[in-house]
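*Asks:* Generate coordinates for the sequence data below:
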Amino acid sequence: MKKWLSPLLLIVFFVLSGIAHYAGWDSTIQFILAAIAVIFVAGFLGKATESVSHYAGQRLGGFLNATFGNAAELIIAIFLVKEGLFDMVKASLTGSIIGNLLLVLGLSIFAGGLKFKIQKFNVSLAGMNGSLMIVAVISLFVPAVFLNTHAITTSDSKLLSLIVAGILIVAYVFWLVFSMITHKDYLADVTEDSDEELPHEHEPEWSKGRSVLYLIVATVMVAFVSEWLVGTLETFTSKFGLSELFVGAFLVAIIGNAAEHSAAVMLAMKNKIGAAVEIAVGSSLQIALFVAPVLVFASFFFGNTMNLVFTAIELLAIGVSVFIAKSIIQDGKTNWYEGLMLIVVYVILGVSFFMV
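*Replies:* Coordinates of the predicted model:
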């Protein structure tokens, strides 16, 4: 029964969300249906990614999940950039980074830790990820400081943002070359062949070709639902008196991160914490080092360049998230209480953002 029930619900909510959008139903109903549809599509995406990771390995599987999972955020953000809603774009980028580092990573470590006392992954990879997260913070911190201290003008900040964006994209491409090609074995996950893996671990129900096909189909579905969701945001925000900062940083981010949530937690509970960390941390790095820079260039081509100047509150949230996440993953070991600490910080930030 379960085998056909989930696909049926996926199709039903996807179709209902599309009808609600194109038929012009009430914005609240549109938002709820689109949000539910994104969650079902994300579950489908997570299952497809897990199947692909079985064939490609934990690191590549985690990278693919982060990439396809971030497709939702990138598509949502491009629509927002086109509308000129830069504040909401930056808030959603902030929410994606802190959501992955605190909520996705926290839930994964917590869920995995309840089942396995100590979970281990490659300590060298943890160190590299930590250093890259600091680079991401620096890249967002520098333009804001230079503009807010009046060392540069607003037009200069746009030029600086374009230059920084270009440098970050190059750095990210080289990181992929380093981690996936030249130092692939050095960063290989220690739990890949662990004796602690579940004894009933079995072959995925989908073939390699079908898994890749479903991954692409799920991403296309996420793209459609994301567009429908964005169409309701402005009305929904004003209707309930919510700030753009809270909606962008938490509501959009939580819904957009649904793919990472489902896949990372499932993998952690199967003692594949390396893949879970790769999804959560890798996704945050991809947002900061690739997605944000791509959006800067997209806005440039739309004729109104978005700068990389984030607010003090957003920078504080990102800085705090990177600090606590780096301190927890740097030893290559995790337990359930460390996951709980990440969730606690996320809740504190969420309450603070809500009160803005």
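
*Asks:* now the strands for the stretch 251-356 of the chain?
*Replies:* Listed from the start of the chain, the stretch 251-356 of the chain has strands (DSSP state E, counting those that start in this stretch) covering 333-334.

*Asks:* Surely Ile343 and Leu103 touch.
*Replies:* Yes - assessed by C-beta atoms under 8 Å, Ile343 is found in contact with Leu103 at 6.8 Å. Quick note: C-beta positions are derived from backbone N, CA and C, even for glycine.

*Asks:* The two - which one has more neighbours?
*Replies:* Set side by side, Ile343 and Leu103 show more neighbours around Leu103, with 27 against 16, by other C-beta atoms under 10 Å.

*Asks:* Check the secondary structure at the more buried one for me.
*Replies:* Of the three states, Leu103 takes helix under DSSP: H, G, I helix; E, B strand; the rest coil.

*Asks:* ok, now which ones touch it?
*Replies:* Ile254, Asn257, His261, Leu342, Ile343, Tyr346 (C-beta atoms under 8 Å, 6 or more residues apart in numbering).

*Asks:* ok, back up a step: common neighbours of Ile343 and Leu103, please.
*Replies:* With C-beta under 8 Å, 6+ apart, Ile343 and Leu103 have no common neighbours.

*Asks:* Now do the helices in the stretch 1-150 of the chain.
*Replies:* Taking DSSP state H, counting those that start in this stretch as the criterion, the stretch 1-150 of the chain contains helices spanning 2-23, 27-56, 58-82, 86-98, 105-115, 123-148.

*Asks:* Least reliable of these by average pLDDT, please.
*Replies:* Mean pLDDT values for these show the minimum at helix 58-82, a mean of 75.

*Asks:* got the helices of the stretch 1-150 of the chain as JSON lines, with distance to Phe250 columns?
*Replies:* As requested, the helices of the stretch 1-150 of the chain are exported to JSON lines (distance: least, C-beta to C-beta, whole Å):
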{"stretch": "helix 2-23", "distance to Phe250": "21"}
{"stretch": "helix 27-56", "distance to Phe250": "13"}
{"stretch": "helix 58-82", "distance to Phe250": "13"}
{"stretch": "helix 86-98", "distance to Phe250": "6"}
{"stretch": "helix 105-115", "distance to Phe250": "15"}
{"stretch": "helix 123-148", "distance to Phe250": "19"}
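
*Asks:* Turn the ones you listed into JSON lines, columns for distance to Ile313 and mean neighbour count.
*Replies:* Formatted as JSON lines, the helices of the stretch 1-150 of the chain follow (distance: least, C-beta to C-beta, whole Å; neighbours: other C-beta atoms under 10 Å):
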{"stretch": "helix 2-23", "distance to Ile313": "32", "mean neighbour count": "14"}
{"stretch": "helix 27-56", "distance to Ile313": "25", "mean neighbour count": "22"}
{"stretch": "helix 58-82", "distance to Ile313": "19", "mean neighbour count": "24"}
{"stretch": "helix 86-98", "distance to Ile313": "9", "mean neighbour count": "27"}
{"stretch": "helix 105-115", "distance to Ile313": "21", "mean neighbour count": "23"}
{"stretch": "helix 123-148", "distance to Ile313": "11", "mean neighbour count": "18"}
